[in-house]
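Trainee: Predicted structure and sequence below. I'll ask about it afterward.
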Amino acid sequence: MAWLWDDELEFGKFCRECDQYLALDYFTERSCYAGGRDTICRPCQNYQNKLLYRLRRENPAPVDGRCETCGGRRALECDHSHDTNEFRNWLCRSCNRKNRKDNEQIMATMRAALRARKEMNK
């Protein structure tokens with residue numbers, strides 16, 4: 001968030017999921033993240049956990065344990081759409097991370113464009 005002043009970052013941050021600016025108390029402390037806080041607020045994290053539990057129960061992992069993208073036999077993750085909350089596939093971590101990274105870059109660009117448009121319309 002290069003466009004925010006440093007002192008504004010002390011009071012809150014944007015949730016990556018709901019795109020709301022919230023107080024830091026809404027974010028779990030995590031030393032592995034920049035700023036020491038999670039990138040998703042607690043309400044969004046709770047919602048995601050419940051959603052993943054339901055999707056895993058409704059869509060059991062393949063018996064052969066193979067990633068549906070690369071065919072590798074690694075630990076599988078439940079890939080789902082964050083927009084529609086629909087199950088997509090069972091993927092290995094590297095394939096799921098690649099898909100997520102590509103989608104996050106697209107979404108970050110779209111959010112930046114929307115923010116710029118709002119600033120221009122003020």
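Mentor: Nice, I can see it. The structure presented is a predicted model; accordingly, all values stated were derived computationally and were not measured.
Trainee: In the longest helix anywhere in the chain, which residues are buried?
Mentor: The single longest helix within the chain, with elements called by DSSP state H, is helix 93-121. Buried residues in helix 93-121, counted by 16 or more other CB atoms under 10 Å: 95-96. Heads up, the C-betas are built off the backbone N, CA and C, glycines and all.
Trainee: One more: stretch 39-51?
Mentor: For stretch 39-51, by 16+ other CB under 10 Å, it's 39-41, 44-45.
Trainee: Then stretch 51-69?
Mentor: By neighbour count on 16+ other CB under 10 Å, the buried set for stretch 51-69 is 55, 66-67, 69.
Trainee: could I get these as TSV with distance to Trp90?
Mentor: TSV is the format used below for the buried residues of stretch 51-69 (distance: CB to CB, whole Å):
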residue	distance to Trp90
Leu55	10
Arg66	8
Cys67	7
Thr69	9
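Trainee: Turn these into JSON lines, columns for distance to Thr84, secondary structure and pLDDT.
Mentor: JSON lines is the format used below for the buried residues of stretch 51-69 (distance: CB to CB, whole Å; DSSP: H, G, I helix; E, B strand; the rest coil; pLDDT from 0 to 100):
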{"residue": "Leu55", "distance to Thr84": "12", "secondary structure": "helix", "pLDDT": "95"}
{"residue": "Arg66", "distance to Thr84": "25", "secondary structure": "coil", "pLDDT": "90"}
{"residue": "Cys67", "distance to Thr84": "22", "secondary structure": "coil", "pLDDT": "89"}
{"residue": "Thr69", "distance to Thr84": "19", "secondary structure": "coil", "pLDDT": "85"}
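Trainee: Now tell me which helix or strand of this protein has the poorest mean pLDDT.
Mentor: The least trusted helix or strand in the chain, going by mean pLDDT, DSSP states H and E, turns out to be helix 6-9, with a mean of 47.
Trainee: thinking again about what came up before, most widely separated two among the buried residues of stretch 51-69?
Mentor: Spatially, the most separated pair among the buried residues of stretch 51-69 is Leu55 and Arg66, at 18.7 Å (CB to CB).
Trainee: For Ala112, give its distance to Glu77.
Mentor: Separation of Ala112 from Glu77 (CB to CB, to the nearest Å): 28 Å.
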